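Asks: for reference, the sequence and a predicted model appear below.
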Amino acid sequence: MELYSQIDILYKGANYMVFYVIGNGFDLHYGLDTRYSSFKEYLLDKDWELVEKVDELFEDYMTADNPDDIELWNTFEDMLRVFCLLDGDSIYDTAIDNAEFDDDCAGYFDSPSFNVDYYTEYISTLKIEFSNWINEMDSNISKDRYFDPDNDDYILTFNYTKTIENNFDVDEANILHIHGKVGGDIIVGHNDYREPDLLDIQWDEDSDYRDISTREAVNGVLEEAAQLYFKDSKSLLERNKMFFKHIDECEKVVFLGLSCGKQDNLYVEEIAKHAHKVDFYYYDESSKKIFQRTCDKVNPNIEVNYLKW
């Protein structure tokens with residue numbers, strides 16, 4: 001199927017700017033295997049025990065209309081909300097059960113607080129391995145005639161890869177990786193933050209320092225995990241509001257490969273508020289319906305041209 005074919009007809013030779021919104025479908029079109037299910041396969045080869053732990057969490061805490069979404073990690077970022085739901089009591093019990101309490105032989109490596117770190121290390125390792133997966137991806141592609149932005153067009157990309165920078169002649173100052181990019185810190189996760197359920201800590205003369213230190217360590221992990229995979233879209237939008245204002249300067253907004261999932265809802269609303277005309281390329285009806293509902297909510301007068309990929 002010819003992707004972006006009408007863009008050439010509409011834009012090439014025109015004297016106006018375009019604001020592009022790039023999602024994962026863009027990289028997939030150009031042959032990059034950026035599916036979350038592929039990340040799981042990558043991780044299985046590197047650290048199957050990590051996959052086993054994360055799978056157990058997803059299965060215990062997450063639900064989905066399609067069970068395959070959990071099994072294959074298709075909705076990986078949505079499911080990272082699990083790290084706001086960790087059971088502190090369970091972590092505490094595991095740390096205590098595996099600690100050495102004989103003062104004559106117990107060292108730091110046998111302490112409950114060390115065990116908290118040991119048994120929760122996978123939480124941060126997951127993000128590290130996700131970054132490694134992205135960094136190892138080859139983003140050099142064979143260009144086609146369907147996407148050829150002008151140097152002064154603006155590009156908002158939700159992708160971490162540098163597919164655009166490495167293959168197209170666009171001023172990098174006009175490209176915003178809203179969630180970070182390869183070679184730097186990336187933001188991966190959900191925007192449904194909730195405060196973790198911290199363990200109660202009460203100091204008194206009868207307090208056991210190992211109990212207290214273990215509870216403090218558990219609470220530290222719970223707070224760190226909740227923040228690590230929180231995608232604070234509201235703050236990111238505020239921080240980059242000047243870039244979104246460029247939409248007002250552009251004749252048209254073109255969506256390429258964005259599914260408009262709930263993690264991106266705030267951004268899509270902001271774009272729809274400012275856009276005059278939109279070309280929205282979609283793979284399935286669900287993303288089309290989501291975008292239309294957003295337009296009806298924030299900008300009913302927007303002119304949208306829906307184009308099936």
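Replies: Happy to help now that I have it. Numbering: from 1, shown residues only.
Asks: so, low pLDDT: which residues of this structure?
Replies: 1-15, 100-111, 145-146 (pLDDT under 70).
Asks: where is the longest helix in this protein?
Replies: helix 112-135 (DSSP state H).
Asks: my guess is G257 meets Y20, correct?
Replies: No - contact criterion C-beta atoms under 8 Å: G257 and Y20 do not qualify, at 10.1 Å. Glycine gets a C-beta too; all of them are placed from N, C-alpha and C.
Asks: okay, and the common contacts of those two?
Replies: By C-beta atoms under 8 Å, 6 or more residues apart in numbering, G257 and Y20 have no common neighbours.
Asks: now the helices for this protein?
Replies: Counting by DSSP H, the helices of the chain are 5-11, 24-29, 36-46, 48-61, 67-71, 76-79, 88-97, 112-135, 163-167, 209-228, 233-239, 241-244, 265-274, 285-298.
Asks: burial of the closest residue to H179 other than its chain neighbours, as a residue count?
Replies: Leaving aside its chain neighbours, H179 sits nearest to I187 (4.3 Å; criterion: C-beta to C-beta, 6 or more residues apart in numbering). Per other C-beta atoms under 10 Å, the neighbour tally for I187 reads 17.
Asks: pretty sure I187 sits against K181.
Replies: No - with contact defined as C-beta under 8 Å, I187 does not count as touching K181 (10.4 Å).
Asks: point to the residue nearest the middle of this protein.
Replies: Centroid-nearest residue in the chain, with C-alpha atoms, centre = their mean: V188, separated by 3.2 Å.
Asks: contacting residues for that residue?
Replies: V188 touches E77, L80, K127, F130, H179, Y229, K231, counting by C-beta under 8 Å, 6+ apart.
Asks: against H190, how distant is the closest residue to the second one other than its chain neighbours?
Replies: So that's L80. Nearest residue to L80, sequence neighbours excluded (C-beta to C-beta, 6+ apart): Y229, at 4.0 Å. Going from Y229 to H190 by C-beta to C-beta, to the nearest Å gives 7 Å.
Asks: I'm done for today, thanks for sticking with me.
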